[in-house]
Each structure stands twice: as structure tokens, then as C-alpha cells.
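K.L.:
after the sequence you'll find the predicted model.
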Amino acid sequence: MAKKNYGKSLALQHFYKSIEAEIRNYWQINTSLIYSERWWKTIPEIDLPARITLYPGDNKIPFTSIDLPPKTYLENHNSVLQITRENSIVNFITVFEVYLFNIVKRMMYLQPTLIGESGMPFEAKEIADEMENDNVREWFAEKVTQKYIRNKSHLMMVKRLESMLKYQLNDPSDGLVEDWNKWTYVRNAIIHNGRETSDDLSRVWNERFTSVGAPLNMTDADIIKLPYIAIELAKKVDKIIMESVIQNEDAGLLVRELFVRNGIEESQDLAKSVWNILNSRLGKPLVQKYLAYQKRTGAKINGWRFTHYNFME
């Protein structure tokens, strides 16, 4: 019997919209550089201003912040593009890291027993303070996720997920985790090694980065490839977690939030929005169940912090 398709999590939907924004940001800058070069080349060389701020109307910010001769300005485009590629790589990996944090925190909120036989220490005063605030479950999920995810390599994060889910995510047949791990070393070289090949990167990915200290030389193909790996890996993680932990909980939370935030209370309209946002097909009885609970209790919606990304269809 086929497993039920629960759609995607709120964390994955947030991830999709976040990485889409980063992808568009890169290509917008890339095409802007092309348009800029085309525009300057329409001006005959004899008519070019000595500096870009001398073009009529441009003696102001942002032009005054880069007051160069037009030729020098255009020659700088290759450097701008390379740095933009490197910054985009950092951003893509950060977006995925945020997804991992969000999905693990959501798991721990819904099923705290996933922590297993952990020896993680907790201060009694911390627990007492949170009991006073009636927020113990969210506090626990945050603390555990901080411990498991923050300042850990992505490979260690994946291993922790495998341990909690009892599922092998690192499958050599698709190579997603191995490829992703290599890209995290590229990110580290950009941030911590002055945008040059580091010893670690050369060791992990020697077939591409052979010389320590050499430029990274990112390409447009990398900007296409990396988000693809991130999306495929996030989809793989999400499918397992949706089936084993979250199931209808995120869809139900979205029903309640749509009622509280937008006043939507028609079951058909709520079901349509949930489908459009999470690809989750909630039947009328379930929609009415979540809606009735919210109307009856007026409860605070805990367990997820909604952002504008979660309402993009």
C-alpha cells in the first residue's frame, strides 16, 4: 500500500521561497551587469564622461560611491560577478542550514521523544522559568535543536537526523549528501579563507580545487547546480519527516493561522489555500476539526513562527 502524500512542511515551503529569492537575486545582478555594459557601449567613446558621476543626473548616491571612469567601471564587472557568485553560494548554503534548523525544531516540538537516550544537561532553573511561562515544549525544541544543529558541520547534522529518524539519508547512489558536503567546504573557504582555496577544501575536493591559495573561480553553472542539490536534498529530508513525524500537523497549523490572521473560515477556501501553499490535501472534516479547535479555544499558535514566505502560493 502506497504511503499517504502529506505534501510539504512549513519549513520546506519557507525554504523554497527563500532559495528562490536568492536565485533571483543572483540572476538579477548578473543581467544588470550585462544591461549596464550594453548601455555604456551605446555612447560614442568621444562623448564618454571622465567619471560616471559626470553623466547628467548621476552626481549622487549610489554613483558617487563608485566614481570611476566608465572604462574602469566596466572592467570591474568580472570581479563584481565573481564576488556575487561567491556570496550567492554562501547564501544558498545558509538557506539550507536554516531549513535543517527549522525542520529539526519542528520535529522536536511535535515529538520530543525523538531525542532518545541523550545525556544533554538542563539547568533546573531554566526548566522552572519556562514552566512558569507555559512554554516548555517550544523551549525544549529550541534548546535541543541549538545543540544538534548550531556550529555543526552539515555532515554531522545529517548523521544526527539519520539517528533520530532511523533512516539513511546519505545514499551513495544519489550522491546528494556527499556533493553537499563538498560545497560546505567551498562556503567555508569563502568566509574563512579570503575567498581562496583552503587546505580543507583541497583535501575534500581535490579533483577540482588542486592548489591551496588559488582563486575559487565559481561559474554560472555552479549557481545552477548548487540550488538544485539543496532542493533535492531538502525534498528528500522533508518527505521522510512528513511521513514519520509531521503528517497533517503543519497543514492543521496553517488552517488555524489563516483563520486568525485573515479571518478565513470557509472550509473550501481554507482547504484550497492549504493545497496551494503546502500541496497538502486536507479533507473537509479535518479542516473543520482544526478550525473548530481554534474557534473554541482561541489558543496561541505555538510550534512554528509564521513569516511572509509561508503565505506565498
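P.N.:
The structure has been received and is ready for your questions.
K.L.:
can we go C-alpha only for contacts and neighbour counts from here?
P.N.:
Fine.
K.L.:
gap between the residue nearest the centre of the chain and residue 206?
P.N.:
In the chain, the residue lying closest to the centroid (C-alpha atoms, centre = their mean) is residue 95, at 2.4 Å. The gap separating residue 95 from residue 206 is 26 Å, by C-alpha to C-alpha, to the nearest Å.
K.L.:
what do you get for residue 52?
P.N.:
43 Å.
K.L.:
which one of those two has more residues nearby?
P.N.:
For residue 52 versus residue 206, neighbours defined as other C-alpha atoms under 10 Å are more numerous around residue 52 (21 against 13).
K.L.:
right, and that one touches residue 58 too?
P.N.:
Yes - Residue 52 is in contact with residue 58 according to C-alpha atoms under 8 Å; the separation is 7.2 Å.
K.L.:
okay but the residue nearest to the centre of the chain is in contact with residue 15, surely?
P.N.:
Yes - the criterion here is C-alpha under 8 Å, and residue 95 meets it with residue 15 at 6.6 Å.
K.L.:
show me where the stretch 151-300 of the chain has helices.
P.N.:
154-165, 176-192, 199-204, 220-241, 249-262, 267-278, 284-297 (DSSP state H, counting those that start in this stretch).
K.L.:
got it, and the stretch 1-150 of the chain?
P.N.:
10-41, 70-75, 77-110, 124-132, 136-149.
K.L.:
out of those, the one nearest residue 245 is which?
P.N.:
Taking C-alpha to C-alpha as the criterion, residue 245 comes closest to helix 77-110 out of these, the separation being 6.5 Å.
K.L.:
mind checking how far that closest one is from the chain centre?
P.N.:
5 Å (C-alpha atoms, centre = their mean, to the nearest Å).
K.L.:
can you check stretch 6-26 too?
P.N.:
6 Å.
K.L.:
tell me which residues of it come out buried.
P.N.:
Residues of stretch 6-26 classed as buried: 6-19, 22-23, 26 (neighbour count, 16 or more other C-alpha atoms under 10 Å).
K.L.:
avg pLDDT for stretch 140-149?
P.N.:
The average of the pLDDT scores along stretch 140-149 is 86.
K.L.:
mind splitting this protein into its structural domains?
P.N.:
Annotated domains of the chain cover 10-42+76-114+126-246, 249-311 [automatic domain parsing].
K.L.:
want to throw these into JSON lines with distance to residue 48?
P.N.:
Listed next are those as JSON lines, based on distance: least, C-alpha to C-alpha, whole Å:
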{"stretch": "domain 10-42+76-114+126-246", "distance to residue 48": "8"}
{"stretch": "domain 249-311", "distance to residue 48": "44"}
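K.L.:
who wins for proximity to residue 63 among the ones you listed?
P.N.:
Closest among the domains of the chain, using C-alpha to C-alpha: domain 10-42+76-114+126-246, at 12.9 Å.
K.L.:
show me the shaky parts of the chain.
P.N.:
Within the chain, the ranges that satisfy pLDDT under 70 run 1-3, 117-122, 124-134.
K.L.:
now do 80
P.N.:
Per-residue confidence of the chain (counting by pLDDT under 80) places the weak regions at 1-3, 116-135, 151, 312-313.
K.L.:
contact partners for residue 177?
P.N.:
By C-alpha atoms under 8 Å, 6 or more residues apart in numbering, residue 177 lies in contact with 155, 169, 170, 171, 233.
K.L.:
closest one of those residues to residue 302?
P.N.:
residue 233 (27.1 Å).
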